[in-house]
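J.: sharing a model prediction with you, sequence too.
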Amino acid sequence: MRVTRSKDFWAGLMFAAIGAAFMIVARNYNMGTAVRMGPAYFPTVVGGMLVAVGLIVLLKAFLVDSGPVPRMYLLPLVIVLASVCFFGVLLRPLGLVIASAVLIVVGALGGKEFRWKEMVLLTAILVAFSVAVFVYGLGLPFQLWPEL
């Protein structure tokens, strides 16, 4: 058999490997039952589902023919990763509102198209949603603004 879609081959291999790793690590914990789940139950089930999805995608790489794999652009990946790191660094000193805004705006810079009007609207909506869900809905003790 010949791999016809190398992108699916590597994605399937990655899913299966990550799922298997979760299942292997979870062996050290108590499984419990479906009614009283132990700490190993969730990672084992999710890991098993990842292995299944990985095997399906891996099989697809051998059965479906496609064109060449497109070029991988690393700069957008680095920009999005940097936005998540900025969020983690800025959350405590600047608060949830400003850290979330920085996350959204810097992450959007990694895309192909960046429009300021859309970004301001999207940032306002997502920050309001984050505050509503995490602070008021779930009651998490996030500081909203910088302490003066």
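T.: Happy to help now that I have it.
J.: got the contact list for the nearest residue to residue 41 once chain neighbours are set aside?
T.: Leaving aside its sequence neighbours, residue 41 sits nearest to residue 32 (CB to CB, 6 or more residues apart in numbering; 5.3 Å). The C-beta positions use only the backbone N, C-alpha and C, and glycine is treated the same way. Residues near residue 32 by CB atoms under 8 Å, 6 or more residues apart in numbering: 38-41.
J.: any regions of the chain where pLDDT drops low?
T.: Where the chain drops to pLDDT under 70, the residues are 1-5, 65-70.
J.: domain parsing for it?
T.: 6-63, 74-137 (automatic domain parsing).
J.: and the helix ranked longest in the chain, which residues are buried?
T.: In terms of residue count, the longest helix belonging to the chain (DSSP state H) is helix 74-108. Judged by neighbour count using 16 or more other CB atoms under 10 Å, the buried positions of helix 74-108 are 80, 83, 86-87, 90-91, 94-108.
J.: all helices of the chain, in order?
T.: 6-26, 41-63, 74-108, 116-130.
J.: quick one: residue 31 and residue 42 touch, right?
T.: No: here residue 31 does not reach residue 42: they are 10.3 Å apart, not a contact under CB atoms under 8 Å.
J.: nearest spatial neighbour of residue 100, skipping sequence neighbours?
T.: For residue 100, the spatially nearest residue (CB to CB, 6+ apart) is residue 127, at 4.8 Å.
J.: number of nearby residues for that neighbour?
T.: 19 (other CB atoms under 10 Å).
J.: before we move on, what about residue 52?
T.: 13.
J.: residues in contact with it?
T.: Counted by CB under 8 Å, 6+ apart, residue 52 has contacts residue 19.
J.: which parts of stretch 123-141 are buried?
T.: 123, 127, 130-131, 135.
J.: can you give me the end-to-end distance of that stretch?
T.: With CA to CA, to the nearest Å applied, stretch 123-141 spans 21 Å between its terminal residues.
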